[in-house]
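Undergrad: after the sequence you'll find the predicted model.
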Amino acid sequence: MKAKSTILLLYIAWVIAAVMLVFAAAEKQPDSFYTLLRWVCCAVFAYSAVTSFQMKRMLWLCIFTTLAIIFNPIFVLQLDRNQWIIADWFSIGAMVIAAVVFWKRSRT
């Protein structure tokens, strides 16, 4: 039962992060939005990395750790807007693919 609640919490976190990333990629937002986005995404990706480790999904551990580093709010990467848009869409894609992979794993 614990695994299913962990996956559900992870899915909710991914939806929140994905919606924020779509807004970030779609149009220019205020700087405060991007700061909040980095905090939210870093936390979501760090939680995803921990969950991946617990599920023994080492590839996903690497992917989510990398995303947590990219979106960390303390040491901000100096990327231009186009590079951030690519990172946003890549992150959304990673969460969608992970959702399918984790769902299949939790059902078996």
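TA: That came in fine, so what should we check first?
Undergrad: in the longest helix along the chain, which residues are buried?
TA: Criterion DSSP state H: the longest helix present in the chain is helix 81-107. Across helix 81-107, burial judged by 16 or more other C-beta atoms under 10 Å covers Trp84, Ala87, Asp88, Ser91, Ile92, Ala94, Met95, Ala98, Ala99, Phe102. Any C-beta I mention is one placed from the backbone N, CA and C, and that applies to glycine too.
Undergrad: OK, contacts around the first one?
TA: Read that as Trp84. Ala24, Ala25 (C-beta atoms under 8 Å, 6 or more residues apart in numbering).
Undergrad: roughly how far does it sit from Cys41?
TA: For Trp84, the distance to Cys41 (C-beta to C-beta, to the nearest Å) stands at 11 Å.
Undergrad: show me where pLDDT drops low in the chain?
TA: Within the chain, the ranges that satisfy pLDDT under 70 run 1-3, 105-108.
Undergrad: in it, which residue is closest to the centre?
TA: The residue lying closest to the centre of the chain (C-alpha atoms, centre = their mean) is Phe45, at 4.3 Å.
Undergrad: which SS state does the closest residue to that one other than its chain neighbours fall under?
TA: Residue nearest to Phe45 in three dimensions, not counting chain neighbours: Ala68, with 3.8 Å by C-beta to C-beta, 6 or more residues apart in numbering. Recorded secondary structure, Ala68: helix (DSSP: H, G, I helix; E, B strand; the rest coil).
Undergrad: measure how buried Ala68 is and give me the count.
TA: 19 (other C-beta atoms under 10 Å).
Undergrad: what residues are up against it?
TA: Cys41, Cys42, Phe45, Ala46, Ser48, Ala49.
Undergrad: measure the second one to Leu67 for me?
TA: Computed with C-beta to C-beta, the distance linking Cys42 and Leu67 is 8 Å.
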